[in-house]
Each structure stands twice: as C-alpha cells, then as structure tokens.
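Undergrad: Dropping a prediction and its sequence here:
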Amino acid sequence: MSAAPLAPARPAVTSGTTPAGPRRPRVRAGRVAGNVVAVVVALCWVFPVYWMINSSFTPDARLGARTPSFFPTHGTTANYRDAVDGSGFWSALQMSLAITLVTVVAVLAFAFLAALAISRFRFRGRRSFVVAVLFIQMLPAEGLFIAQYKMLSAADLLNSVVGVSVLYTAAIVPFTVWMLRGFVAGIPAELEEAAMVDGLSRTGAFLRITFPLLAPGLVASGVYAFLQAWNEFTVALVALPAEGSQTLPLWLRGFLNASVNEGVNWAQVMAASTLIALPVMIFFLLVQNRMTGGLVSGAVKG
Amino acid sequence: MTTTATGGPGAAPVEAAGAPPPPVRRRRRPRTPYLLLVPAVAVLLLGLGYPVYWQVVTSMQEFGLAQQFGTAPPEFVGLANYVEIFTSDVVWVVVARSVAFCLVNAFLAVGIGTLLALLMKGVGTAPRLALQVALLLAWAMPMVAAVTVWKWLFDWRQGVVNWLLVQIGLGSFENHNWLAQPLSFFFVATVIVTWMSVPFVALSVYAALTQVSDEVLEAAALDGASGAKRFFYIILPIVRPVVSIVLLLQIIWDLRVFAQIRLLQDAGAPVSETNLLGNFIYELGIGRQDFAGAAAVSLFVLALTIVLSWPYVRTLLKEDES
C-alpha cells in the first residue's frame, strides 16, 4: 500500500516535461502512460479516506473476516449509533464547539485589528511587529506546552474552555494577521478616501466601503482558525487532562485506546473518525485555494 | 524573540508621553495603530510570551522534589541544567533520531510532491483533476483521524496492508505487528507523515509550474532544446524558489512531529526507542515532572526553529515590503 504511491510516480518526470507535440506517436504513448499513472496515484492517495468511510458502514463481524470487504455491500449505520452512544461523544462535541467558537471569534477580532494596523498605517515598531508575527507563527507547540501546562495549572484553568482558548488564540493569531494583511492591502485606500471626500467619516467610510469588501478574507481566516482549533491535539492533550473535558480528537484517541487490549471494534472507530473528519473536509475544500496561496505567495513573487 | 514582540509596540506609549506636546490633531493619528495592536499583543504575551519567560527562568533553577512539594524555594543554578541534559547521551540520541526522521520525511515529501506536480502538468484534464481531488481529500483529513485510519490499515490482525502482502506471496506478514519494532514503527510513521505532507508540496509546486508559459517551452523545443534541457534551463529556475521554501517548511514542520508518534505509541510500541524531541519533552515534563530539564530542551527546540525559519521569514518580509 505504502510503497505503491512511491513507485509509479517515477516516470512522471519524463512524461511531465514532454511537450504535447502531435508529431510523434511515442509522445502520445507517453501521455497515455502519464494519465494512467496519475489515476493510479490518485486512487492510492485517496484510498485511506475511502477505507475510513467504507469501514464505518461495514458491520464489525464482516470487518473481522479474513478477506477485507472492499465495498460497503451490507451497509449499516449501526456503527455510527454505537459510537455516538458510547462514552463521552456528546460532551466532547460540546467542548470542541465551545473552544472552537471562542477561539474563532477572538482570533478574527484580534487579528483583524492588527492586520488593519500593519496594512493601513506606517508607524515605529511596525517592522518589529511583523517580524515577530512571522517568527511566532513558526514556533512549535511542542516547545511550549509544558510551560503552558504549568501556567494553566497555576491559574487553575486546566480542563477549562477559557484556558485552552487563550492558548489556541495566541497560536493562531499570527498566521491570521498575515493572511488578513494581504486582504486589507488588496483593497485600495483610495476607495475609502473617495468616500470621505463624498462626506463619510473615516469610520463610516471604513464600515460602509472597506468592511464589506473584506468579507471573503474574514470568512477564509475564520475557516482557517476553525480548522486549527477543531483539529488541535497536542496542546489539548496537556491542557485538558480530565476525562470529562476532552475535545473530539482526544475523545477519538480514548475511544480507540479503551478497547486496544481486548480487540478493537474498528467499524465503530472508523465511524467515529468519519464523524470528526467530515465537517473539516467540507470546510477545508472551501478555503484550500487561499491557504496554498498564502503560504508560498512570497516565494512565487520573489 | 518575545522581546522584539514587546519592544516594538511597547516602546511607543512611553515615547508619546515624553515628547513635547505638538498640536492635538497630529497627536491622535499615530496612536491608532498601537491601539489596534493591543489585543493581539496582549494575547500573544499571555499565551506564548509568559510560557517562554517561564521556561527561561525554570531552566536555570533547581527543580527537585523539595520544590515540587513547595517546601523549598527554587534555587538559581545557572546553566547547570543545560550542562546536565546536554552532556547525557539520551538527549543526543533523541536529537539524532529527530533530525534523521525530519530529513527523510521532508525530502521524501518534497521529492514525491514535485514529481506529482510535474505529472499533473503533463497529463490531461480529467486525470489531473482526479489527482488534485485525491490530494485535497488527504490533506483535509484531521491528523488524529488520519493516524487512526492508518493504524487500522496497518492493524496486525485484520489490516489491509498485511492482507495485501500475504496475497502477493509474503506469507511472513500474516499477523505481522508493524508497531512493535522501532524500525518498522518509523516506517509506518514515515508513510503517515509523507501521505499527509505531499498534498501541500504537490499543489504548491503545481501552482508554480502553471506560471511556466507553454509558448516559451514550445519556442525552446522549436529551437532544438531537448526535454532535459527544457527542464533544467526553463522549468527548474522558475520552480526552484517555491521548492526550496516548501522544503524548508517541511523541515521545520517535520522536526516537531509529536502527535503522530504519540498516537502510534498507544498501540504498545517501545516508547523510549521511538521518542522524538517533542515526545521526549512530554515525557520529561508530564511524565517525570522534571520541569527544568523539559524547559531546557524546549528552549533548544524553539531556538532551532527560529534559526531554521529565518530564510522563510525573510522571503515573507520581501512580500510585505513590496
């Protein structure tokens, strides 16, 4: 399985650089081979996702069979019912929703104000702030989480929504500032000035002209913050040690580990995984363009 | 690092207070940007600044049993903790393992990702879309869900991987437990990390490849440039900046792999032989309550990240200035 995607990728170099010249049949054969390779790689890459969904609809008894069942022929939704009825799904969902909501709102508000400052004003310390933001977004949670754990425990904020939300907001704000800065800079200040010439106040011009134009940027940043907070595992692991305050990723881990000694019910575990992955995948497909663009656009231009 | 964060915006109000009072209207404008930065700076100081400060202080203190039970105040010991940690072989074994894992994974992801990007450039629309959708779906998988699915694929009793290997005649993989030995454990970890990282690389490089104009390639072909020449003299120079940035990002990201390892260890792997840097810090801090040691190693990881990030930050700054 794992080796499969690696091997067929090889011939890609030659077929990829061959121009689509209509002259030689050899070229056309290369193109057909390239197409076949592309489809095979695509199937290999998507297989784990397919396998998760397929297994989640398969009765566990059939999953245990010698030969895997590759299609959900005797499909059932019982796995979902059992996973959800099992211990702690609803409280984990609540916890995840609360933390994600608080984080997204705080991130959007704070990052938006900061993005406004660095893209609409020139002031002393601006460059230091930008440099700091860019470095901070690279810092790994693994280099900070022990201190964050001690800090929350000293403030009696372990297992609380507030504690984790502060840590998430701090971790997500830097990249969001950077992302929104691009959006704000993309709206010419002349638009605002024209509105002010026509009699709007500076605030009025901002609210009526710039803000509506920023909506797509805010949506994209909000979805980014949602994805980060919803999927986060490392900080949650140390900041939410109590069983009752787990978020969904922690719950999924516990769900699997609970049965690891007496034989895992993989059908239910896959149903649980699908439940967590589905909203994320939908949101992700909505914003992915923005995210690839933001991360490497500097390199493309440079 | 945190000092630059505080130094910039923090310096401003002081200066504003000390300066002679010019006309009021000119005063008000420059204060706005600082006010706008207050919430972001405050949350960064609270969530990241204070932990870094705590780590600097704690890493230079004796943090023994007496301190844990609060019967003795922490004692300043200078760099003794650093000396103790970084002269032991344990930490260097973990560092070496992390660096090896990081480099293998980063180069694999960038290598495969670049090949897939070239493939996407060379094939018809339908196969390209299929590949793009597949990569996006893999990229969109939440990390914990992805590791869980791969654990199921590599399950020793009912996993598809073992079934497949037995089908092609490798009977010894019947009931083979991949996660029990460090080497095959890291093989599985590499498969997972590569599977998750390649989409970002492939789609970024593909985006850069679309900037290579077909007219130029055609003109070069008419002038007699071979495929290899077109690749090395036209495509590569255009794509190189993106590939190098993506490689740098992968190196930085793969150095911090923690959760995937942690989740795989749940299946019963030998922990001390499979720990990477993040897991080592976790074990020191949460497991053994050696906060001084954990703080020292954490600062080492942070410093390493900052050094490695410098070229990337510089590229982004160029964008800011344009």
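TA: Sure thing, it's come through. Remember, it's a predicted structure, so these values are computed and weren't measured experimentally. Numbers count the residues shown, from 1 in each chain, chains lettered A, B, ... in the order given.

Undergrad: which SS state does the closest residue to B:Leu284 other than its chain neighbours fall under?
TA: The shortest distance from B:Leu284 to any non-neighbouring residue, by Cβ to Cβ, 6 or more residues apart in numbering or on different chains, is to B:Ala294 (4.1 Å). Heads up, the C-betas are built off the backbone N, CA and C, glycines and all. With DSSP: H, G, I helix; E, B strand; the rest coil as the basis, the three-state label of B:Ala294 is helix.

Undergrad: how many other residues sit next to B:Ala294?
TA: B:Ala294 has 30 neighbouring residues, counting by other Cβ atoms under 10 Å in any protein chain shown.

Undergrad: Ok, A:Glu193 next?
TA: Here the count is done by other Cβ under 10 Å, and A:Glu193 has 13 residues near it.

Undergrad: check contacts around it.
TA: Shown here is A:Glu193, whose contacts under the criterion Cβ atoms under 8 Å, 6 or more residues apart in numbering or on different chains are A:Ala205.

Undergrad: How about A:Ala38?
TA: Counting by Cβ under 8 Å, 6+ apart, the residues that A:Ala38 touches are B:Leu119, B:Met120, B:Val123, B:Pro127, B:Arg128, B:Ala130, B:Leu131.

Undergrad: Please name whichever of those residues scores lowest on pLDDT.
TA: Within the contacts of A:Ala38, pLDDT reaches its minimum at B:Val123, with 90.

Undergrad: Give the buried residues for stretch B:131-142.
TA: Using 16 or more other Cβ atoms under 10 Å in any protein chain shown as the test for burial, stretch B:131-142 gives B:Leu131, B:Gln132, B:Ala134, B:Leu135, B:Leu136, B:Leu137, B:Ala138, B:Trp139, B:Ala140, B:Met141, B:Pro142.

Undergrad: Could you list which residues are in contact with A:Ala229?
TA: The neighbours of A:Ala229, taking Cβ under 8 Å, 6+ apart as the test, are A:Ile99, A:Thr100, A:Thr103, A:Val104, A:Tyr168, A:Ile172.

Undergrad: for the closest residue to A:Ala239 other than its chain neighbours, helix, strand, or coil?
TA: Using Cβ to Cβ, 6+ apart and skipping residues adjacent in sequence, the residue nearest A:Ala239 is A:Val164, 4.9 Å away. Look at A:Val164: counting by three-state DSSP, its state is helix.

Undergrad: Could you find the closest non-adjacent residue to the residue in chain A that chain B sits nearest to?
TA: Among the residues of chain A, A:Ala170 lies closest to chain B, at 2.5 Å counting by Cβ to the nearest Cβ. Taking Cβ to Cβ, 6+ apart as the measure, A:Ala170 lies nearest to B:Gly47, with 2.5 Å between them; neighbours along the chain are not counted.

Undergrad: these two touch, right, that neighbour and A:Val166?
TA: Yes. Counting by Cβ atoms under 8 Å, B:Gly47 sits close enough to A:Val166 to count as a contact (5.1 Å).

Undergrad: ok, and of the buried residues of stretch B:131-142, which contact chain A?
TA: Counting by Cβ under 8 Å from any Cβ of the partner chain, B:Leu131, B:Ala134, B:Leu135, B:Leu136, B:Leu137, B:Ala138, B:Trp139, B:Ala140, B:Met141, B:Pro142 from these sit close to chain A.

Undergrad: Need phi/psi at A:Gly263.
TA: Listed backbone geometry of A:Gly263 is phi 90, psi 110, with angles given as degrees, to the nearest 10.

Undergrad: Please save the CA atoms from the helix or strand hosting A:Tyr149 in PDB.
TA: Per DSSP states H and E, A:Tyr149 falls inside helix A:145-154. Extracted in PDB, the C-alpha atoms of helix A:145-154 (Å, rounded to 0.1, in the frame of the first residue of the first chain):
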ATOM      1  CA  PHE A 145       3.300  23.100  26.000                       C
ATOM      2  CA  ILE A 146       5.000  22.100  29.300                       C
ATOM      3  CA  ALA A 147       5.200  25.700  30.300                       C
ATOM      4  CA  GLN A 148       1.700  26.300  29.100                       C
ATOM      5  CA  TYR A 149       0.500  23.400  31.200                       C
ATOM      6  CA  LYS A 150       2.300  24.800  34.300                       C
ATOM      7  CA  MET A 151       0.800  28.200  33.600                       C
ATOM      8  CA  LEU A 152      -2.800  26.900  33.300                       C
ATOM      9  CA  SER A 153      -2.400  24.700  36.300                       C
ATOM     10  CA  ALA A 154      -1.100  27.700  38.400                       C
END
